[in-house]
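Participant: got a predicted structure plus its sequence, pasted below:
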Amino acid sequence: AASELQEYVESVVKLEKEMAKLRLKSDSKNSTPSAVKENKKSEMTAGSSQDKLAGGRLKREHECVMCLSEERSVVFLPCAHQVLCPKCNVLHEKQGMKDCPSCRTPIKFRIHAKFLGQQ
C-alpha cells in the first residue's frame, strides 16, 4: 500500500508540473510580446501567485467546490481530482462520503498538497 501511495504522489507531482508548463505555454500564446516576459517571471514558481486575483479572491478554477471561498488543496486518489479545501475535506469525510465529488470514483487516499508559495 505504501508503494502504491508513493506512486500516486509522484503521479500527482508530475501532473502538477505538466499543468504549470501548459498554463505558461497557453498564457504566452495569448499575450502580447511585452507581456510574455512578465508572464514568465510571475509563473516561474508554478502556482505561487497565480492562485489569487486582485483583491485577494481566488480564481474560480482554484476555489473549493463546496464552500467556494477557500483554495483547493486536497487531492483524491486514484482519480487525482483536487476539488476541496482541507475544512470541507474533513466535513466530506465525516459525513461518510467516500467518492470523489467530481467523478464519483471511490477515494482510496486523501492527500493534503502544498505547492510552491504556500505556507
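Facilitator: Now that the structure is in, tell me what you want to look at. Numbering: from 1, shown residues only.
Participant: please spell out which residues along the longest helix along the chain are buried.
Facilitator: In the chain, taking DSSP state H as the definition, the longest helix is helix 2-29. Within helix 2-29, the residues that count as buried by 16 or more other C-beta atoms under 10 Å are Tyr8, Val12, Glu16, Ala20, Leu24, Asp27. Any C-beta I mention is one placed from the backbone N, CA and C, and that applies to glycine too.
Participant: what is the least confident helix or strand in the protein?
Facilitator: One helix or strand of the chain scores below all others by mean pLDDT, DSSP states H and E: helix 33-42, with a mean of 43.
Participant: so which bits of whatever helix or strand comes next after it are buried?
Facilitator: Next helix or strand after helix 33-42 toward the C-terminus (DSSP states H and E): strand 74-77. For strand 74-77, a neighbour-count test (16+ other C-beta under 10 Å) marks Val74, Val75, Phe76, Leu77 as buried.
Participant: cool, and stretch 106-117?
Facilitator: Of the residues in stretch 106-117, Ile107, Ile111 count as buried by neighbour count, 16+ other C-beta under 10 Å.
Participant: alpha carbons only: can I get it in PDB?
Facilitator: Coordinates of each C-alpha in stretch 106-117 appear next as PDB, following Å, rounded to 0.1, in the frame of the first residue of the first chain:
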ATOM      1  CA  PRO A 106     -14.100   5.700  -4.700                       C
ATOM      2  CA  ILE A 107     -11.500   7.600  -2.800                       C
ATOM      3  CA  LYS A 108      -8.600   5.400  -1.500                       C
ATOM      4  CA  PHE A 109      -6.400   8.200  -0.300                       C
ATOM      5  CA  ARG A 110      -6.800  11.900   0.600                       C
ATOM      6  CA  ILE A 111      -3.600  13.900   0.200                       C
ATOM      7  CA  HIS A 112      -3.100  17.500   1.500                       C
ATOM      8  CA  ALA A 113      -0.900  19.000  -1.200                       C
ATOM      9  CA  LYS A 114       1.300  22.000  -0.600                       C
ATOM     10  CA  PHE A 115       2.600  23.800  -3.600                       C
ATOM     11  CA  LEU A 116       5.300  26.400  -4.100                       C
ATOM     12  CA  GLY A 117       4.400  29.700  -2.500                       C
END
